[in-house]
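Colleague: Quick one: sequence plus predicted model below, questions after.
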Amino acid sequence: MPELPDVEMFRDYFNATALHQKVAKVSVSDDRVLEDTSARKLARSLKGKEFSSTRRYGKNLLADVEGSCVLRLHFGMTGNLKYYKDEDEDEELEHVRVLVDFENSYKLAYICQRMLGNVSVEESVEDFVRRKELGPDAMEISADELAEKLAGTRQSVKAFFMDQEKIAGLGNIYTDEVLFQCGIHPGKSCAKLDEKEAKELHKTIHRVVDYAVKHRADPRKFGGNYLLPRRGEGEPCPRCGGKIKKMKVSGRSAYFCPKCQKK
DNA sequence: GGTAATGTTAGACT
DNA sequence: TAGTCTAACATTAC
């Protein structure tokens, strides 16, 4: 799930639930999800405080703790949030790794089945971005800066968009959609993109992300001209009806239409 | 049993 | 140096 549009969903959910609630207790049931932060530090940073606002940077959700520090959540491939009062027999709660209890007796669970996500307490968002050497956020980067970055590398355009140090927020799924919408082959070298293509990519990132957020980041709800609902080998291309192909790029599966997406 | 899955990263290789 | 590939992390589903 968790690429940029999915993290926006988590942010909405967090804002509607845990925001402005006073933290009573923090428990970590598996500290492998903690990154550069001890369970003690996490508890000490949150206890007695409340989350005053949230932001998103790339695939990270950041919650400000009353101006003192920032709680950072990354969801890996299988991360999730759940706010609840009573433990029911919910299967979702099987993989809770961090649990925040609030004074209103509700709890916020950070769920991470495959442990590929991580949680930390940061001094500031800027600090975190610097430490991880993240590129500009995909929705914040200017058209000119994107064009400049693209021109500066010969790597494949698919690898570029998945590389969080180049541009932060897009992953395997949404990169496929953006490239499909632009009619660009995933294996095309960034340096070979012309000005028009670079501009088109910038515009399309915004269009695809806005569209995804509007549809609750659920590709099943996407309309007929989108690739994601039919992202599978041999599926019909939404544009030409030809067969969608699969290829490996940067160790991940890229799905594309060989007729509509050219090098 | 084998493989792939929305992510990231270290190390090997060209 | 730049870029690609593989394995590893942990778990589930087909």
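Modeller: The structure has been received and is ready for your questions.
Colleague: So, low pLDDT: which residues of the stretch 51-200 of chain A?
Modeller: Scanning the stretch 51-200 of chain A for pLDDT under 70 picks out the ranges A:88-89.
Colleague: Could you tell me which residues of it lie near DNA strand B?
Modeller: A:58-59, A:74, A:76-77, A:114, A:116, A:132, A:162, A:164, A:171-173 (C-beta under 7 Å from any atom of the strand). Where C-beta positions appear, they are placed from N, C-alpha and C, glycine not excepted.
Colleague: of all the residues you listed, which two lie farthest apart?
Modeller: Spatially, the most separated pair among those is A:Lys132 and A:Ile173, at 21.2 Å (C-beta to C-beta).
Colleague: between those two, which one's more packed in?
Modeller: A:Ile173 (20 against 17; other C-beta atoms under 10 Å).
Colleague: How about that one, nearest residue that isn't a chain neighbour?
Modeller: A:Glu3 (6.0 Å; C-beta to C-beta, 6 or more residues apart in numbering).
Colleague: burial measure for that neighbour, as a count.
Modeller: For A:Glu3, the neighbour count with other C-beta under 10 Å is 24.
Colleague: isn't it right up against A:Lys59?
Modeller: Yes: at 6.2 Å, A:Glu3 and A:Lys59 qualify as touching, with contact defined as C-beta atoms under 8 Å.
Colleague: Identify the contacts common to the two.
Modeller: A:169, A:171 (C-beta atoms under 8 Å, 6 or more residues apart in numbering).
Colleague: that older thread, and the residues of the stretch 51-200 of chain A next to DNA strand B, which are buried?
Modeller: A:58-59, A:74, A:76, A:132, A:162, A:164, A:171-173 (16 or more other C-beta atoms under 10 Å).
Colleague: Can you tell me which of those residues is nearest DNA strand B?
Modeller: Lowest distance from DNA strand B to these (C-beta to the nearest atom of the strand) belongs to A:Gly171, with 1.8 Å.
Colleague: tell me the domain ranges of chain A?
Modeller: As assigned by automatic domain parsing, chain A contains the domains A:4-132, A:143-256.
Colleague: Count the residues that sit near A:Val213.
Modeller: Neighbour number of A:Val213 under other C-beta under 10 Å is 16.
Colleague: Go ahead and report the secondary structure state at it.
Modeller: helix (DSSP: H, G, I helix; E, B strand; the rest coil).
Colleague: That one and A:Glu8 touch, don't they?
Modeller: Yes: contact criterion C-beta under 8 Å: A:Val213 and A:Glu8 qualify, at 5.2 Å.
Colleague: and chain A, which residues reach DNA strand C?
Modeller: A:32, A:94-95, A:113-116, A:153-156, A:159, A:248-251.
Colleague: one more time with 6 Å, if that's ok
Modeller: A:113-116, A:153-156, A:159, A:249-251 (C-beta under 6 Å from any atom of the strand).
Colleague: For the particular helix or strand that has A:Arg130 in it, name the packing helices and strands.
Modeller: If you go by DSSP states H and E, A:Arg130 is part of helix A:125-132. Helices and strands touching helix A:125-132, by 3 or more C-beta pairs under 8 Å, 6 or more residues apart in numbering; DSSP states H and E, are strand A:51-57, strand A:60-65, strand A:69-74.
Colleague: 7 Å - rerun?
Modeller: strand A:51-57 (3 or more C-beta pairs under 7 Å, 6 or more residues apart in numbering; DSSP states H and E).
Colleague: would you list every one of the helices in chain A?
Modeller: Along chain A, counting by DSSP state H, helices occupy A:4-17, A:39-46, A:125-132, A:143-151, A:157-162, A:172-182, A:195-214.
Colleague: count of residues packed around A:Leu108?
Modeller: With other C-beta under 10 Å as criterion, A:Leu108 counts 23.
Colleague: wait, what's in contact with it?
Modeller: Shown in contact with A:Leu108 (C-beta atoms under 7 Å, 6 or more residues apart in numbering): A:17-18, A:81, A:83, A:100.
Colleague: try it again with 6 Å
Modeller: A:18, A:83, A:100 (C-beta atoms under 6 Å, 6 or more residues apart in numbering).
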